[in-house]
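*Asks:* The sequence isn't on hand, but the structure is:
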């Protein structure tokens, strides 16, 4: 009892070193399995992306399944393995400081794997976004004429609009409502959000250890959206300022 409270087996103990070697080997196997899951998904995912049309729903479903395999399940196995290892170390009389050091290895590995998966997720969503954008560009007629419903005069329509707009006809003065193509509207959710995330992602990673980088992330993310969706500039500026100034939004970093 006293050995557990006031010291116990030291780091030089051969029994303890054998347990550490087993623990390190176990963690290495978890990491190897994580990378196997990701690598084995690459080719099938590329095929899925190549066959996308105008949404990424299937990518979302695949990503959730991969996250369960590569992060949730492996984190669970790591925790189960640690409980067994902690019990063996306790029976050996290893000091709590040394036990805590070994537990920290598991926490650091799980954090690393979660971050690696996050990078993978950002990349596949961005690749899917570029494919969807390419599809939309191929099927939207940029030369299509839009005529006034009253006098048939040509209206100055911006094809890549993301909101319904009222346009006054210069010829007769009547007001026409232009509804953007649904495929263009969908670009905001299925394409531009993900490309904005890819653009700002390095700042998000930096923000995990540098709180000042959170502002940089939001400025990059919303700046990208404002540049590409000028129709909603005021909306995105409000959202950006709210997230920069409200401490609640720092929780996600």
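*Replies:* Sure, I can see it. If you're wondering where the values come from, they're calculated on a predicted model, not measured in any experiment.
*Asks:* Buried residues in stretch 239-247, which are they?
*Replies:* The neighbour-count check on stretch 239-247 (16 or more other CB atoms under 10 Å) flags 240, 243-244 as buried. Heads up, the C-betas are built off the backbone N, CA and C, glycines and all.
*Asks:* Pick the one among those residues closest to residue 166.
*Replies:* residue 240 (26.6 Å; CB to CB).
*Asks:* Hmm, the closest one is touching residue 220, no?
*Replies:* No. Taking contacts as CB atoms under 8 Å, residue 240 lies outside contact range of residue 220: 10.1 Å.
*Asks:* Below-threshold pLDDT in the stretch 151-253 of the chain: ranges please.
*Replies:* The stretch 151-253 of the chain contains residues with pLDDT under 70 at 159, 251-253.
*Asks:* again, 90 this time
*Replies:* Within the stretch 151-253 of the chain, the segments meeting pLDDT under 90 span 152-171, 173-174, 176-186, 208-212, 230-231, 245-253.
*Asks:* Please apply the same query to the stretch 1-150 of the chain.
*Replies:* Across the stretch 1-150 of the chain, the ranges flagged by pLDDT under 90 are 1-14, 137-150.
*Asks:* which residue ranges form the helices in it?
*Replies:* Secondary structure of the stretch 1-150 of the chain (DSSP state H, counting those that start in this stretch): helices located at 2-6, 14-50, 57-67, 74-92, 96-139.
*Asks:* Please produce CSV containing these, extended by distance to residue 214 and mean neighbour count.
*Replies:* Compiled in CSV, the helices of the stretch 1-150 of the chain are given as follows (distance: least, CB to CB, whole Å; neighbours: other CB atoms under 10 Å):
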stretch, distance to residue 214, mean neighbour count
helix 2-6, 42, 10
helix 14-50, 27, 14
helix 57-67, 24, 15
helix 74-92, 25, 15
helix 96-139, 16, 16
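*Asks:* Export the ones you listed as JSON lines, with columns for distance to residue 227.
*Replies:* Supplementary listing: these in JSON lines, determined by distance: least, CB to CB, whole Å:
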{"stretch": "helix 2-6", "distance to residue 227": "61"}
{"stretch": "helix 14-50", "distance to residue 227": "25"}
{"stretch": "helix 57-67", "distance to residue 227": "24"}
{"stretch": "helix 74-92", "distance to residue 227": "38"}
{"stretch": "helix 96-139", "distance to residue 227": "15"}
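*Asks:* number of nearby residues for the spatially closest residue to residue 165 that is not a sequence neighbour?
*Replies:* Counting by CB to CB, 6 or more residues apart in numbering, the nearest residue to residue 165 once its immediate chain neighbours are dropped is residue 178, at 5.2 Å. Applying the criterion other CB atoms under 10 Å, we find 16 residues in the vicinity of residue 178.
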